[in-house]
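**Q** sequence and computational prediction follow.
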Amino acid sequence: MIVEILPLALLGGVLGLDVVSFPQAMISRPLAAATITGAFMGEPLSGLLVGAALELIALETLPFGASRYPEWGSAAVVGGALFASHPAHPAGSMTLAVLCALATAWIGGWTMVKLRQQNARWAGARRSAIDAGARGSVIGLQLLGLTADLLRGALLTGIVLAVTRPFVDAALARWSVDAQLERAIVVAVAASVMAGAAWKIFHATSGARWFFLGGLGIGLGILVLR
Amino acid sequence: MTMTKPNEAAGAIVPARTLPLGTRVAIFFRLLAIQGSWNYEILLGNGIGFCVEPALRQLPGGVHTPGFKKALARESQYFNAHPYFASLAVGALARAELDQEPGERIERFRTALCGPLGSVGDRLVWAGWLPLCSLLALAAFGLGAGPAVVLALFLVTYNIGHFALRIWGLNTGWSHGLKVASALGNPVLRRGPQQIARLAALAAGVALPLALSRVIGPGRSLIGGVLLAVVLGEMLIVKLSGRIEGWRLALVVLAIFVLYSVARSSVIR
């Protein structure tokens, strides 16, 4: 089990690091992170499917300044790994993967706050050296924060995967709702969050609602014509 | 590349000092880690010092002089900005320090720069460019694109904007120095957020039904019901806005759904 989880934990560390610390290239967004995780496990399409569902939800939580937000990098690795580990996609697998990813994102957001508090303590301990312009202290503090964030993401991913895998297997064995209905419920929940987020982001922009309705018409038109 | 410095007295542009390519590259890579020690006390402060440090090595006498230490200490104090737009501050501060502007003037400049660099970046990147790129990729996913295409579309499109912004910020900050505030009047920064928001709204409309349909999979008999549920769910989330975030509500709803499905199987048995 450790051999299986360790590479995924490291991936969670790297993608968790991208959320804030380095390089913020958005490889930590669920659409990218879950797809990368799926590809890592030989199931890129599974990763993409669960990543798309998570991305709809993640559109609500953009990383504004000092606000507290969910940590999607490690969370998407958890969601992608859980869904890709059941390549036949049995009924319940998407709901459970998304649920575990959301719970991880929540815990991950809390761990980021704790890390930021710890960074402040480390900065405080080096305050006099930094105020004296000690080059080693400035660079050292930065490297310490980066390393701690990498470890935070890796530990979070590893622990959550170790805990949730048996839970997911047990829940799948007792799942009773039809697979297509299950997916429809997950995607309806995710898309509701996305639509709410779109309203919050764009409602203040003049004309944006007409662009949205126009786009909706195009999307529905393509769907009907297919 | 030789940078220029606006000459206030004559109104002319005169050649200024050159930032060596190696230093410029070092600053750029450090900019990618500018939030590495982000904390609630000095926010980006230490990150600014970390990024400016390669430029400060160009000060007369190098790293062991009082001038270097004073400058590094000054640059490592409290600072707040959008992480991508911080490159503008880093370039300008590096220029000011190497021009050996008075310390008090640099400190006042740092303080004045915090607010604008935060708000412009939030509107342009977090509320504009990121959702637009994400929604374009979701639309491509809904149209049937494979993992490699969706991944490449999202990451390449997003990072063209991301890296261009960081490079522009560093170069503009360096070339303008303490006059960098004028660069924030750039039309892209003033009108860009609104145009990007409109495009993102269009992409959101296209992506929504297509992505839903693809995730549900073959046999789209449920799509009408799902769209109705999305409209009702969206209205509920907007109504509850400020009391509970949508993603937390989604977590609760899915947890209840899992409990229901598992408990139901026990009843059936």
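**A** Here it is on my side, so go on.
**Q** list the contacts of the one residue in the stretch 51-200 of chain B that gets nearest to chain A.
**A** When scored by CB to the nearest CB, the stretch 51-200 of chain B has B:Lys69 as its residue closest to chain A, at 2.8 Å. In this view, the C-beta of every residue, glycine as well, is placed from N, C-alpha and C. Residues near B:Lys69 by CB atoms under 8 Å, 6 or more residues apart in numbering or on different chains: A:132-134.
**Q** most neighbours among these, which one?
**A** If you count neighbours using other CB atoms under 10 Å in any protein chain shown, the busiest of the contacts of B:Lys69 is A:Gly133, which has 23 neighbours.
**Q** wait, that residue sits on B:Phe68?
**A** Yes. With contact defined as CB atoms under 8 Å, A:Gly133 counts as touching B:Phe68 (6.7 Å).
**Q** on that earlier part again, which of the contacts of B:Lys69 sits closest to chain B?
**A** Nearest to chain B among the contacts of B:Lys69, with distances taken as CB to the nearest CB, is A:Gly133, at 2.8 Å.
**Q** what's the closest non-adjacent residue to the closest one?
**A** Using CB to CB, 6 or more residues apart in numbering or on different chains and skipping the chain neighbours, the partner closest in space to A:Gly133 is B:Lys69 (2.8 Å).
**Q** follow-up on the earlier one: shouldn't the residue of the stretch 51-200 of chain B closest to chain A be within a helix?
**A** Yes. Residue state for B:Lys69 (DSSP: H, G, I helix; E, B strand; the rest coil) corresponds to a helix.
**Q** which residues of chain A fall in strands?
**A** Along chain A, no segments are classed as strands by DSSP state E.
**Q** got any ranges where it has weak pLDDT?
**A** Where chain A drops to pLDDT under 70, the residues are A:65.
**Q** residue nearest the centroid of it?
**A** By CA atoms, centre = their mean, chain A has its centre lying nearest to A:Trp72, at 2.1 Å.
**Q** give the contact list for that one.
**A** Contacts for A:Trp72 (CB under 8 Å, 6+ apart) come out as A:19, A:28-30, A:33, A:54, A:58, A:61, A:105, A:108.
**Q** near chain B, from these?
**A** Residues of these in contact with chain B (CB under 8 Å from any CB of the partner chain): A:29, A:58, A:61, A:105.
**Q** take stretch A:164-182, keep the C-alpha atoms, and write them as CSV.
**A** Included here for stretch A:164-182 are C-alpha records, laid out as CSV according to Å, rounded to 0.1, in the frame of the first residue of the first chain:
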residue,chain,number,x,y,z
THR,A,164,-10.2,7.0,2.1
ARG,A,165,-9.3,4.0,-0.1
PRO,A,166,-10.8,1.3,2.2
PHE,A,167,-13.8,3.7,2.8
VAL,A,168,-14.4,4.0,-0.9
ASP,A,169,-14.2,0.3,-1.5
ALA,A,170,-16.6,-0.5,1.3
ALA,A,171,-19.1,2.2,0.1
LEU,A,172,-18.9,0.9,-3.5
ALA,A,173,-19.7,-2.6,-2.3
ARG,A,174,-22.9,-1.3,-0.7
TRP,A,175,-23.9,1.3,-3.4
SER,A,176,-27.5,1.1,-4.5
VAL,A,177,-28.2,4.0,-6.9
ASP,A,178,-28.0,3.5,-10.7
ALA,A,179,-24.7,4.7,-12.3
GLN,A,180,-26.2,7.2,-14.7
LEU,A,181,-28.5,8.7,-12.2
GLU,A,182,-25.5,8.9,-9.8
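**Q** and chain B, is it touching that?
**A** Yes. Using CB under 8 Å from any CB, stretch A:164-182 reaches chain B at A:171, A:174-177, A:180-182.
**Q** may I see the buried residues of that stretch?
**A** With burial defined by 16 or more other CB atoms under 10 Å in any protein chain shown, the residues of stretch A:164-182 counted as buried are A:164-165, A:168, A:171-172, A:174-177, A:179-180, A:182.
**Q** cool, and stretch A:57-67?
**A** In terms of neighbour count (16+ other CB under 10 Å), stretch A:57-67 has its buried residues at A:57-63.
**Q** any idea how far the residue of the stretch 51-200 of chain B closest to chain A lies from B:Gly62?
**A** Separation of B:Lys69 from B:Gly62 (CB to CB, to the nearest Å) stands at 11 Å.
**Q** could you do A:Pro63 as well?
**A** In terms of CB to CB, A:Pro63 sits 37 Å off from B:Gly62.
**Q** same thing with A:Thr157?
**A** Using CB to CB, we find A:Thr157 at a distance of 43 Å from B:Gly62.
**Q** what does the pLDDT read for B:Gly11?
**A** At B:Gly11, the model reports a pLDDT of 39.
**Q** ok, which stretches of chain B are strands?
**A** With DSSP E, the ranges of strands along chain B come out as B:2-6, B:13-18.
**Q** looking at those, which one has the lowest mean pLDDT?
**A** strand B:2-6 (a mean of 46).
**Q** circling back: out of A:Thr157 and B:Gly62, which sits in the busier spot?
**A** A:Thr157 (30 against 11).
**Q** which non-adjacent residue is nearest the more buried one?
**A** Leaving aside its chain neighbours, A:Thr157 sits nearest to A:Gly12 (2.5 Å; criterion: CB to CB, 6+ apart).
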